[in-house]
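# Quick one: sequence and predicted model below, then my questions.
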Amino acid sequence: MYKQELHITESNDKGFVTVDKFQSWRVAIINYSEALLEENRTSMQRHLKSDEVFVPIMGESALLIGEERKKYNLEIGKVYNVKLGTWHVVTMKEGAKLLVIENDDTDESNSEVKEFCS
């Protein structure tokens with residue numbers, strides 16, 4: 001039997017903040033910070049054990065996908081599933097907020113980072 005029927009949480013902290021976990025997955029919120037502006041992004045990442053799902057909640061955000069950094073402007077309420085092994089980076093403008101769902105053990109040990117070439 002569940003001890004609590006409903007867990008309600010939020011985060012207005014800048015950047016990536018885990019807000020809930022259950023068994024093997026986690027839910028996080030990414031709130032705008034200057035580091036997430038497109039012009040401030042210097043690398044992309046790929047996860048080797050997990051897809052990563054992004055759901056825009058508010059504001060303007062985008063995903064840059066693949067080594068060629070194809071830009072996808074994210075629409076509020078749509079679900080964007082970045083498949084395992086896909087190079088990606090999220091960018092955000094002031095006031096943006098994203099929901100993220102991924103395996104709870106996604107971290108540097110099972111992800112790779114690639115710096116942008118000048």
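Received it, and whenever you're ready, just let me know what you need.

# In this structure, where is pLDDT below threshold?
1-3, 118 (pLDDT under 70).

# what's the residue closest to the geometric middle of it?
Per C-alpha atoms, centre = their mean, the C-alpha nearest to the average position across the chain is that of V100, at 4.9 Å.

# Quick check, it in contact with N31.
No - in this structure, V100 is not within contact of N31 by C-beta atoms under 8 Å, at 11.1 Å. In this view, the C-beta of every residue, glycine as well, is placed from N, C-alpha and C.

# quick revisit: residues in contact with the residue nearest to the centre of the chain?
F16, V27, A28, I29, I30, E52, V53, F54, V55 (C-beta atoms under 8 Å, 6 or more residues apart in numbering).

# For L63, see how far away it is.
11 Å (C-beta to C-beta, to the nearest Å).

# Identify the contacts common to those two.
With C-beta under 8 Å, 6+ apart, V100 and L63 have common neighbours F54.

# about what we covered before: skip the chain neighbours and tell me the closest residue to the residue nearest to the centre of the chain.
The spatial neighbour of V100 that comes closest, neighbours along the chain excluded (C-beta to C-beta, 6 or more residues apart in numbering), is A28 at 4.4 Å.

# same question, F116
T42 (5.5 Å).

# Pull the contacting residues for E38.
Contacts of E38 (C-beta under 8 Å, 6+ apart): A62, L64, T91.

# out of those, who has the most neighbours?
T91 (21 neighbours; other C-beta atoms under 10 Å).

# Helices along the protein, start to end?
Here the chain has no helices by DSSP state H.

# any idea where the strands of it begin and end?
Here the chain has its strands, by DSSP state E, at 15-22, 25-31, 43-47, 52-58, 61-65, 70-73, 80-82, 88-92, 97-103, 111-115.

# buried residues in the third one?
Neighbour-count burial for strand 43-47 flags M44, Q45, R46, H47 (criterion: 16 or more other C-beta atoms under 10 Å).
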